[in-house]
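S.K.: Structure here, sequence nowhere to be found:
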Ligand code: F6R
């Protein structure tokens, strides 16, 4: 989704803004632009990549120490130069950049047209600039405040005025916005990586904050312009966390970080051989009364929730369901004070997920967030937040966050099972031993990544893929298929292995690839039979199976063996070969792996 950067200080703003935009590229975008206040207020913007904008800027002189920049992910109006941000007000004295959607923009536009205004773009954002101009009487802060009283929807905006060269104003409502606090310079951005080279002192704004950014201070106000304080947090990210560090793509780097991610997600959660998730701290009477558990999320995070459903049902013996947030929130599900809802989100800003969280709370459910981005909206709004500590995930395709989500879900379910007396100590001891072995097992899979790239080179022209599995392997098959389609654009379906013969088998031909995941011991022979059904139709089969299950060699064309680990923890490492299959497939096709077409990292629209 759109990326926002703003700078005021004593340096030339343009290179800082462009650098910041590049660090937000992972959010997904289709046009980019910049506005600088120098002798005049200048805007340069263009469709396409930031590289196109840089090309345009070669023939321009944009000098100034105050500016804003934007990457746009189109919602209202096609991606072209004209619809790209920043947007001018009618007189061109004010510019605005915006992430989010103005829901009442048509009403505002009609009203302003009625008053004789003429608009230049198809966007919802342009009305913000026009509205601010309507209210402008020499003080940008006051004009922005008045405009926000009218705007409905979600927005993080930054606003510049040609006549006020010592400030810019920003507002946050339901779209992410942070500030970087520097020495004689200040920054705002949609996300921390944009400001990381310049400062580690960060303010995470709350909904409704109106921010007046000057060179030497950042003043924050509520909707009535009463002054408020927000804490400046020192973050311990290293700049390398947000760089490729020699890897060809962020996605590959992030997959290779997974052994470390597995260790970090466990940190502080295994003490003296016992599982403990101290963040939960729910009253034991409440816990004993829980009547049902939901896992609600979108995309990859939802697939982590499908795993959670199997695990919760097994260990808590309470009805458990996983559901995509956009369905859950509009379905009127039966939930009440005895319902526990897990909200899973890497970014913590996904609009559908946030809405589902609010819906669950309104209906009395208790909510636990499994979140990566610290201080994000989901993290702030859930009753209890459990951070996955995966570090910044830059590639649009989520990989290391999935590994950490699944692991943290497992730790949480085991801990809850303990709290309600359903996890005997001997079983806990076994689980802890297995958990401690996961980091090395993940490393050993990554060391064998060339086996995957060799295999992919033999099937790189394939057009149809099915991922099949049973129980938790089915949860993995959904994730494997999503990864392949989103970055390699190969059609892929994740199916319960037993369901293949009820329809999709009709599509299996010698040109189909079936990736059969078989690590769930009680049902592995059943999956084996399903593979035989595919082989009988001469489909190609790659099996991803547990070490020691030698029968697989006899039926599948190729087998990738994952190290032995207990069934319930298997998804944490078995997803790695699936992520690598998607990566190498996209690489063999020469695609833009970190920024797949039409997708965005943080989906802040419905
Ligand atoms: C897939 C992917 C998306 C996200 C989904 C939810 O690789 O990244 O499917 O998982 O948009 O995003 P978060 O977890 O940020 O809520």
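M.R.: Okay, I see it. All figures in this text were calculated on a predicted structure; none of them were measured in a lab. Residues are numbered from 1 along each chain as shown.
S.K.: List the buried residues in stretch 592-603.
M.R.: Neighbour-count burial for stretch 592-603 flags 593, 594, 595, 596, 600, 601, 602, 603 (criterion: 16 or more other Cβ atoms under 10 Å). No exception for glycine: its C-beta is placed from N, CA and C like everyone else's.
S.K.: let me redo that: stretch 413-430
M.R.: Within stretch 413-430, the residues scored as buried using 16+ other Cβ under 10 Å are 413, 414, 415, 416, 417, 418, 419, 420, 423, 428.
S.K.: The ligand: which of the buried residues of stretch 592-603 is nearest?
M.R.: residue 603 (4.7 Å; Cβ to the nearest ligand atom).
S.K.: So residue 442 belongs to a helix, correct?
M.R.: Yes: if the criterion is DSSP: H, G, I helix; E, B strand; the rest coil, then residue 442 is within a helix.
S.K.: List the contacts of it.
M.R.: By Cβ atoms under 8 Å, 6 or more residues apart in numbering, the residues touching residue 442 are 258, 259, 262, 403, 572, 573, 576.
S.K.: and the residue in the chain positioned nearest to the ligand, how many neighbours does it have?
M.R.: Nearest residue of the chain to the ligand: residue 299, at 1.8 Å (Cβ to the nearest ligand atom). Number of residues near residue 299 (other Cβ atoms under 10 Å) recorded here: 23.
S.K.: Could you do residue 511 as well?
M.R.: Neighbours around residue 511, by other Cβ under 10 Å: 14.
S.K.: Can you give me the pLDDT of it?
M.R.: pLDDT for residue 511: 88.
S.K.: helices and strands around the helix or strand where residue 70 lies, which ones?
M.R.: Here residue 70 sits within strand 66-72, counting by DSSP states H and E. Under the contact definition 3 or more Cβ pairs under 8 Å, 6 or more residues apart in numbering; DSSP states H and E, strand 66-72 sits against strand 3-8, helix 13-23, strand 31-37, strand 94-102, strand 153-161, strand 164-173.
S.K.: deepest of the ones you listed, which one?
M.R.: Counting by mean count of other Cβ atoms under 10 Å, strand 3-8 has the highest mean neighbour count of the helices and strands packed on strand 66-72, with a mean of 31.
S.K.: centre of the chain versus that one, how much separation?
M.R.: Relative to the chain's own centre, strand 3-8 is displaced by 21 Å; criterion: Cα atoms, centre = their mean, to the nearest Å.
S.K.: quick one: that strand to strand 31-37, angle?
M.R.: Angle, strand 3-8 to strand 31-37, by axes from the mean of the first three to the mean of the last three Cα atoms, to 10 degrees: 10 degrees.
S.K.: what is the orientation angle of strand 3-8 with strand 164-173?
M.R.: Calculated by the same axes, to 10 degrees, strand 3-8 forms an angle of 150 degrees with strand 164-173.
S.K.: list the buried ones in stretch 332-350?
M.R.: Within stretch 332-350, judged by 16+ other Cβ under 10 Å, the buried ones are 333, 335, 339-350.
S.K.: per the record, what domains does this protein have?
M.R.: Using automatic domain parsing, the domain ranges for the chain come out as 3-242, 252-441, 448-588.
S.K.: After the helix or strand of the chain with the lowest mean pLDDT, which helix or strand is next?
M.R.: In the chain, no helix or strand scores lower on mean pLDDT, DSSP states H and E than helix 284-288, which sits at a mean of 86. Next in sequence after helix 284-288, counting helices and strands by DSSP H and E, comes strand 292-297.
S.K.: which secondary structure elements does that following strand contact?
M.R.: Other helices and strands packing on strand 292-297, by 3+ Cβ pairs under 8 Å, 6+ apart, are helix 299-316, strand 320-324, helix 325-328, strand 339-345, helix 351-362.
S.K.: Quick check: which of the ones you listed has the most neighbours on average?
M.R.: Using mean count of other Cβ under 10 Å, strand 339-345 ranks as the most buried of the helices and strands packed on strand 292-297, with a mean of 28.
S.K.: And the ligand, is that strand touching that?
M.R.: Yes: if you take Cβ under 6 Å from any ligand atom as the test, strand 339-345 does meet the ligand, through residue 345.
S.K.: about what we covered before: any chance of the helices and strands packed on strand 66-72 in TSV, with distance to residue 109 and mean pLDDT too?
M.R.: Shown next, in TSV, are the helices and strands packed on strand 66-72 (distance: least, Cβ to Cβ, whole Å; pLDDT from 0 to 100):
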stretch	distance to residue 109	mean pLDDT
strand 3-8	22	97
helix 13-23	28	96
strand 31-37	21	96
strand 94-102	10	94
strand 153-161	13	94
strand 164-173	19	96
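S.K.: Cool, thanks, talk later.
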